[in-house]
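Participant: Can you look at this prediction? I've put the sequence above it.
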Amino acid sequence: MRQNRQPSDATDITETDATLARLPRRGLIVGVIGLIVAVVGVLVDIDQAFQSYLFSYIYWLGITLGCLVWLFIHDMTGGRWGDVMRPVLESGALLIGLMALLFIPLLFGLDRLYIWAQPEIVAQDPLLQHKAPYLNVPFFTGRAVLYFVLWGGMVFLLHRWWRMQAREPSARVAAKLRRYSGYALALYGITVTFGSVDWLMSLDPHWYSTVFGILVAAGQAITALAFTIWVLVLLRPISPFATAVTADHLSDLGNLLLTSVIFWAYIAFMQYLIIWSGNLPEDVLWYLHRLEGGWRWLPTGLIVFHFAVPFALLLSGAVKRNPRWLVAVALLLLFANLVHLFWIVAPTYAGTLRVHWLDVAMPLFLGGLWIAAFVWALRRKITAYALPVQE
């Protein structure tokens with residue numbers, strides 16, 4: 001029988017809080033080290049600094065938005081799989097304000113990242129001139145502001161109802177959450193599609209894909225779920241997670257992760273198949289740039305480590321119920337998605353495969369800040385929630 005553990009259990013909260021209190025400091029240390037290295041990188045090679053910042057930023061923004069998506073899905077469908085995840089997911093979703101601030105540096109490097117922001121190139125390219133009413137700096141900036149306003153508004157509005165439901169569960173509030181989460185999920189799909197086109201697809205404005213936004217959204221869902229699994233298993237030895245996160249919960253999350261991996265692989269394969277069979281030069285060249293000069297090893301690795309290995313492992317019920325194996329798969333997917341974004345961005349600027357030291361420093365810099373802010377939010381969430389336990 002499922003019961004609620006009240007947040008007034010001082011021993012449990014103190015034990016959890018003491019464990020979490022050590023993490024922000026470590027995150028900030030990593031973030032500060034990454035910041036120092038990033039500043040040096042800006043002074044040494046500012047173009048590379050912006051390129052590394054772009055894919056690193058999209059990665060951590062993806063985890064933030066992915067947390068929001070899983071909250072919407074759980075509010076709409078219910079289920080025990082989401083009960084223990086809520087503190088983690090809400091803590092991640094609340095960082096949308098931080099990600100809005102971290103987007104600002106990209107605005108100072110648009111002409112270094114996007115050829116449509118370089119007037120001399122646009123003047124020589126008829127296609128870019130045709131797309132100029134959409135692909136121009138003022139409109140690009142305005143759309144970005146709109147995305148963050150909408151995402152922040154969704155988080156702010158729904159967070160009020162999440163808090164009300166956590167304090168005093170109500171069928172009326174649950175119905176309101178279910179209804180508005182459906183609208184918000186649809187709005188997320190629209191904004192993420194446009195954001196993916198603006199920030200990633202327009203790196204090569206001659207190329208387009210009708211499913212690219214879905215592919216990016218699927219990656220966000222995978223990374224957010226993988227990150228949540230890692231955090232839950234990390235906190236599982238301590239109260240109140242020790243009694244709240246059971247093997248059945250892990251199995252449910254493993255099934256969701258398996259489904260997400262299959263969906264991501266299906267969309268990625270269909271995009272490749274349709275473009276390659278169409279054999280249009282402007283479309284095929286996008287893949288050719290990412291399959292030559294050593295870059296082909298990255299998609300080969302993605303096939304193996306972003307799909308084949310996780311798929312094979314997550315088919316096993318024993319793996320999904322084993323915390324160590326499940327975390328291993330989750331961490332593998334977290335790294336694979338970072339590589340996927342690197343593979344999308346980096347070949348735009350480099351003809352041959354190379355990993356610059358800023359490609360390592362930037363993810364650590366942004367990740368350190370993100371983790372520190374996440375843990376700060378999670379400590380507050382745990383004290384506000386009564387996690388379900390199994391009796």
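Facilitator: Here it is on my side, so go on.
Participant: where along the stretch 151-300 of the chain do the strands fall?
Facilitator: Assigned by DSSP state E, counting those that start in this stretch, the stretch 151-300 of the chain shows no strands.
Participant: Can you list the residue ranges for helices in it?
Facilitator: Assigned by DSSP state H, counting those that start in this stretch, the helices in the stretch 151-300 of the chain fall at 171-199, 212-235, 241-244, 247-278, 281-289, 297-302.
Participant: tell me which helix or strand of the chain sits lowest on mean pLDDT?
Facilitator: When the helices and strands of the chain are scored by mean pLDDT, DSSP states H and E, strand 2-4 comes last with a mean of 40.
Participant: what residue ranges in the protein score low on pLDDT?
Facilitator: Along the chain, segments meeting pLDDT under 70 span 1-28, 30-31, 166, 239-240, 383-391.
Participant: before we move on, the earlier item: of the helices of the stretch 151-300 of the chain, which stretch is the most buried?
Facilitator: Counting by mean count of other C-beta atoms under 10 Å, helix 212-235 has the highest mean neighbour count of the helices of the stretch 151-300 of the chain, with a mean of 24. Heads up, the C-betas are built off the backbone N, CA and C, glycines and all.
Participant: Quick one: work out the angle between that one and helix 247-278.
Facilitator: When axes from the mean of the first three to the mean of the last three C-alpha atoms, to 10 degrees is applied, the directions of helix 212-235 and helix 247-278 differ by 160 degrees.
Participant: and helix 212-235 with helix 171-199, angle?
Facilitator: Using the same axes, to 10 degrees: helix 212-235 against helix 171-199 is 120 degrees.
Participant: So L110 versus V39, what's the distance?
Facilitator: For L110, the distance to V39 equals 20 Å [C-beta to C-beta, to the nearest Å].
Participant: which one of those two has more residues nearby?
Facilitator: Using other C-beta atoms under 10 Å, the more surrounded residue of L110 and V39 is L110, with 16 against 13.
Participant: Which residue is the nearest non-sequential neighbour of that one?
Facilitator: Distances taken as C-beta to C-beta, 6 or more residues apart in numbering place A117 nearest to L110, at 4.4 Å, with adjacent residues excluded.
Participant: Let me see the contact set for the one you found.
Facilitator: Neighbouring residues of A117 by C-beta atoms under 8 Å, 6 or more residues apart in numbering: L110, D111, N136, V137, F140.
Participant: Grab the nearest non-local neighbour of the second one.
Facilitator: Closest residue in space to D111, ignoring its immediate chain neighbours: A117 at 4.5 Å, by C-beta to C-beta, 6+ apart.
Participant: One more: the third one?
Facilitator: By the measure of C-beta to C-beta, 6+ apart, the closest residue to N136 outside its immediate chain neighbours is W116, 7.4 Å from it.
Participant: so that neighbour makes contact with S202?
Facilitator: Yes - W116 is within contact range of S202, at 6.4 Å (criterion: C-beta atoms under 8 Å).
Participant: out of these two, which sits in the more crowded spot?
Facilitator: Using other C-beta under 10 Å as the criterion, W116 and S202 rank with W116 on top: 24 against 20.
Participant: so A361 is in which element?
Facilitator: Assigned by DSSP states H and E, A361 belongs to helix 358-384.
Participant: Give the buried residues for that helix.
Facilitator: For helix 358-384, the neighbour count (16 or more other C-beta atoms under 10 Å) marks 358-359, 361-379, 381-382 as buried.
Participant: sorry, back to before: can you turn the buried subset of the contacts of A117 into a selection I can paste into ChimeraX?
Facilitator: Here is the ChimeraX command that selects only those of the contacts of A117 that count as buried (16+ other C-beta under 10 Å):
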select :110,136,140
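Participant: Would you mind checking which of the contacts of A117 is nearest to H249?
Facilitator: Looking at those and their distance to H249, the nearest is F140, at 42.1 Å (C-beta to C-beta).
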